[in-house]
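Trainee: Provided below are the primary sequence and the corresponding predicted coordinates.
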Amino acid sequence: MALCQRVRFGDKVEAMLQVQRAPAVHDVVVVGSGAGGGTTVKVLTDLGINVTLLEAGPMLDPMKDFKEHVWPWEVNHRGSGANAESYFGKQQWGYWNAPNGYWDVPGEPYSIAQGEEFRWFRSRILGGRTNHYGRISLRFSDYDFKPQAFDGLGFDWPMTYDEMSPWYDKAEEFMGVTGTHEGLRTAPDGKFLPPVAPRVHEMLVQRAGKKLNIPVIPSRMAMLTKGIHGRAACHYCGQCGRGCHTASAFTSSQAMIFPAMKTGKLNIITGAMARELIVNDEGLVSAVSYIDKATRTEKQIRCRAVVVAASACESARLLLNSKSTKYPAGVANNSGVVGRYLTDTVGYSLGGAVPALENMPRHNCDGIGGMHVYVPWWELDKKNKDFPRGYHIEIGGGFGMPQIGSFRGAAASAGYGAGIKAAARQQYGTNVSFAGRGEMIPNESSYCEIDNTKVDQWGIPVLKFHWKSQPYEIKMVQHMHDTFTAMIEAMGGRVPTRSFDPATAISKGGQIIHEAGTVRMGDDPKKSALNKWSQAHEVKNLVVADAAPFNGNPDKNVTLTIVANAWRAAEHLAEEMKKGNV
């Protein structure tokens, strides 16, 4: 069936498009193919349920799309972009990185409240952000699930760590996460693969940590140190950010979605920009309306249930845009909390040159992509801190592949010719960096809402962001700066001399790409959108399965918890469908 509908593009009506409604009723429609969507697809298809997956971007072909083993000299401008974009400040995302998305997507604007700062990274390809993320995989702690009970701040989750632990087990055993059992409350132990050995600079960091009484332990990364589930062990090329041909670095596309395609239970529709959830007279979702980007036509796909996993902000946008007489404020938003309490990780980085590493004999230290060791939070029980909770530290350094920008500054310090080469060789591999990733307490001033004055190229109203860092977070950044300086100096290193103001040094909202909390869960329908199973209180056939349901954003990267919670939600949805409740 096709009905005519007038659609707005920009500020004017461009065309009369036909809304194409398919008669078939699909079991489950999943919107988004990242960590939450991929997990949902895997779990439901394994249980024999037919799933249709809507992805706003194109299909992924790892062998064609990933530049894993390409050398800089093999491409134009040695990786500065096909048209040397990085020379002119026009390269949004590293040329070498796995195809993933952009901060500024052509034709897809968003708004920011006057005087505030926020950046929104959108992924538009099968697998979403999992194609490029750092694979750091940390369980939330017991107090992360009950923060209000712990210290009076934030919002308690409707379940405990003990309730979540079995799904963490499932997630880790499937993804493959390296690590060691340390018995730390701030870094709960899990089901780990063998860790990787520290590199030279990481050994120096460990020594510095001992001097300062700061723990430095093997990192917990979703990268295979031995083969599991048909995925090969890592071959240690160190280029995980480029995408992994052997699927040794976890992605939802390679580890979950591609195997699900082989079951015959999965139908994938790419280039499908979700526009609205259509509800019936009972208030249940009966269809998903999306724009077919190839034909610029609007289509509707009918469903028995829908799982929204388009990323925290995109999922909130979809729910807020799904207005009807039944839900005038947007579907699942009778509580008014959809879009509210937006959070992102608190970030700050500092690096320094360590003379002990100068002119070090060249050797292969590629290893896995990213850090082999990290620092979990070590001052949880310290009294009279300037801020609650804490942060973990990610460590960088070593002999990265030389490319454009690797020896920036050598000419300024050494002149020309042989002097530049000598300086480059001396400096190569001497920089060690520390990146703090801290907890943001949800606040009422950080949220997203629909901007009713602006639409994207598909005629869909866009988001408007509001963002405010709290004094807690700013004081945390000061602590990060002081700690990183002490660590570098304990290594005998030199910290660059420059002015420092934590209020301006703190990462901007969205910059760390760990957005969470816009469709929060809870036991009280008046104060939350979802129940403990990530199922909408008033729409029982609607599940949200990304980081939007999170009641907080602790000092642990969100992906592992997205997978664990989505796994839990998907199994519950399947059980409810089996019982006939959905």
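Mentor: Everything's here; your move.

Trainee: what kind of secondary structure is residue 201 in?
Mentor: helix (DSSP: H, G, I helix; E, B strand; the rest coil).

Trainee: what's downstream of the lowest-mean-pLDDT helix or strand in the chain, the next helix or strand?
Mentor: Least confident helix or strand of the chain, by mean pLDDT, DSSP states H and E, is strand 2-9 with a mean of 46. Remark: after strand 2-9, the chain's next helix or strand is strand 12-31, criterion DSSP states H and E.

Trainee: list the buried residues for that next one?
Mentor: 17, 19, 21, 26, 27, 28, 29, 30, 31 (16 or more other CB atoms under 10 Å). The C-beta positions use only the backbone N, C-alpha and C, and glycine is treated the same way.

Trainee: ok, now stretch 310-329?
Mentor: So, applying 16+ other CB under 10 Å, buried residues of stretch 310-329: 310-323, 327.

Trainee: rounded mean pLDDT for that stretch, please.
Mentor: Computed over stretch 310-329, the mean pLDDT rounds to 98.

Trainee: also stretch 491-510?
Mentor: On average, stretch 491-510 scores 95.

Trainee: now it: buried residues?
Mentor: Buried, per 16+ other CB under 10 Å, within stretch 491-510: 491, 493, 495, 502, 505, 506, 507, 509, 510.

Trainee: could the residues you listed go into a markdown table alongside distance to residue 355 and secondary structure?
Mentor: Converted to a markdown table, the buried residues of stretch 491-510 look like this (distance: CB to CB, whole Å; DSSP: H, G, I helix; E, B strand; the rest coil):
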| residue | distance to residue 355 | secondary structure |
| --- | --- | --- |
| 491 | 9 | coil |
| 493 | 7 | coil |
| 495 | 13 | coil |
| 502 | 28 | helix |
| 505 | 25 | helix |
| 506 | 30 | coil |
| 507 | 29 | coil |
| 509 | 37 | strand |
| 510 | 37 | coil |
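
Trainee: ok, those vs residue 265, which is closest?
Mentor: Nearest to residue 265 among the buried residues of stretch 491-510 is residue 510, at 35.0 Å by CB to CB.

Trainee: so how far is residue 236 from residue 102?
Mentor: Residue 102 sits 30 Å away from residue 236, taking CB to CB, to the nearest Å as the criterion.

Trainee: what helix or strand is the nearest residue to residue 245 once chain neighbours are set aside located in?
Mentor: Distances taken as CB to CB, 6 or more residues apart in numbering place residue 68 nearest to residue 245, at 5.3 Å, with adjacent residues excluded. Assigned by DSSP H and E, residue 68 falls within no helix or strand.

Trainee: could you check how many residues crowd around residue 68?
Mentor: 19 (other CB atoms under 10 Å).

Trainee: over to residue 476?
Mentor: Residues near residue 476, counting by other CB under 10 Å: 28.

Trainee: what do you get for residue 263?
Mentor: Counted with other CB under 10 Å, residue 263 comes out at 14.

Trainee: residues contacting it?
Mentor: Residue 263 sits next to 45, 46 when contact means CB atoms under 8 Å, 6 or more residues apart in numbering.
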